[in-house]
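Visitor: following is a predicted model, sequence given first.
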Amino acid sequence: MRRFRPTVVEVDLEAIRHNVRTLKPDGVELMVVLKADGYGHGDAAVARAALQAGAGWLGVALVEEGIGLRDSGLDTPILVLSEFPPGSEKEALEAGLTPSVYGRDGLRALADAAAGRDVGVHVKVDTGMHRVGVWPPDAAAAFCRDVVDAGLRVDGLWTHFAASESDPDGTREQLARLRRALDDVRAAGVSPRWTHAANSAATILYPQAHLDLVRPGAAVYGIDPGEGIGPRAGLRPSLTWRSAVTFVRRLPAGERLSYGWRYTLERDANIATIPVGYEDGYSRALSSNADVLIRGRRYRVAGTITMDQLLVDCGDDEIAPGDDVVLIGEQGGERITAEELARHLGTIGYEIVTAISERVPREHVG
């Protein structure tokens, strides 16, 4: 489809490659996590760039995401990070997706769908996050034996850290629980090829958690996993969200702007209209709080963000239709990050980039 509106997300694939090379430990495999269309960056294009930089695995949340990557021509190992939903098992296995398993019902359904085929699974152990996984960890050995008895092969044993960016003691305890579970599994006669635990923050902060495989997600995209870890590690943001000024008018002091008239001009000002709104994923809660960049300077979003447009108070500065506008990214030495917008909303950078809607085209450069 042709693009007429100037609003677009640009993804720098060289930044993706740089981040993968920065994150990948020597002698350890790297899985790039591509949930939610690659955190809103475009999963297939990101996957290819990451593979070029040395990644060897792909990780997804949904069977549909894995099948989509297969349909795009990728034949790299793909781990689905949750159990296959009931009814999806046959299609998932036919697509060559690697299952995670941790429940009795999931195991039975997977074994039935495998129907004697050689299928390797990754058993997830709950070491303390308590979302999904075999609990308690000392039950992992018996569960792995059940996997083998069901005619499947245990290729991996893994867990997920709850607070690796902020809680060293808790992270070390989760890792110790996984190691004890692995010892038990091996004592039961099962030898997984892959043991993995490290998400983005743990990949950077805990070399002892690298094991056989690391699974960075946000860090691959240059999103800070928390506490300023990403910038200190030299990661480069890969996403720029830009648009352009479509209309400018001069308004006198005292005029009120946008829905609800919640922004009143304290002096005469040039007001620019930008074709971006909450339907694009630019949250209405950013109204009168966030800045955008125009001509290398910061300007405040003025008044209520509407479905398709927002207003910017440019003061006395000369602004013209067609001027480039950056909502996330760098311009003229200034930078607005996803984390900056997240602070306005009391959330994290992950949510900002994954909220950018599908109607904003993604263009991949580099």
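Guide: Everything's here; your move. Residues are numbered from 1 along each chain as shown.
Visitor: what residues are up against residue 176?
Guide: Contacts for residue 176 (C-beta atoms under 8 Å, 6 or more residues apart in numbering) come out as none. Placement of C-beta: from N, CA and C, glycine included.
Visitor: and what of residue 59?
Guide: Residue 59 sits in contact with 31-35, 78-81, 215, 217, where contact means C-beta under 8 Å, 6+ apart.
Visitor: does residue 3 really touch residue 361, like I thought?
Guide: Yes. Judged on C-beta atoms under 8 Å, residue 3 makes contact with residue 361 at a distance of 5.4 Å.
Visitor: does residue 223 touch residue 350 like I think?
Guide: Yes. Using C-beta under 8 Å, residue 223 is in contact with residue 350, at 6.1 Å.
Visitor: picking up where we left off before, any of the contacts of residue 59 buried? List them.
Guide: 31-35, 78-81, 215, 217 (16 or more other C-beta atoms under 10 Å).
Visitor: if residue 30 is in a bridge, with which residues?
Guide: Beta bridges link residue 30 to residue 214 when assigned by DSSP bridges.
Visitor: tell me how far it lies from residue 215.
Guide: As judged by C-beta to C-beta, to the nearest Å, residue 30 and residue 215 stand 8 Å apart.
Visitor: please apply the same query to residue 40.
Guide: On the measure of C-beta to C-beta, residue 40 and residue 215 end up 18 Å apart.
Visitor: list the contacts for the nearest residue to residue 348 once chain neighbours are set aside?
Guide: Nearest residue to residue 348, sequence neighbours excluded (C-beta to C-beta, 6 or more residues apart in numbering): residue 342, at 5.3 Å. Contact analysis of residue 342 by C-beta under 8 Å, 6+ apart lists 348-349, 351-352.
Visitor: got the confidence number for residue 309?
Guide: On the pLDDT scale, residue 309 is placed at 98.
Visitor: how about the one 4 residues further on?
Guide: With respect to pLDDT, residue 313 has a value of 98.
Visitor: and what of residue 350?
Guide: Residue 350 is given a pLDDT of 95.
Visitor: and if you look at residue 116?
Guide: Reading off the model, residue 116 has pLDDT 84.
Visitor: contact partners for the nearest residue to it once chain neighbours are set aside?
Guide: Once flanking residues are discounted, residue 116 sits nearest to residue 151: 6.4 Å by C-beta to C-beta, 6+ apart. Residues near residue 151 by C-beta under 8 Å, 6+ apart: 111, 114, 116.
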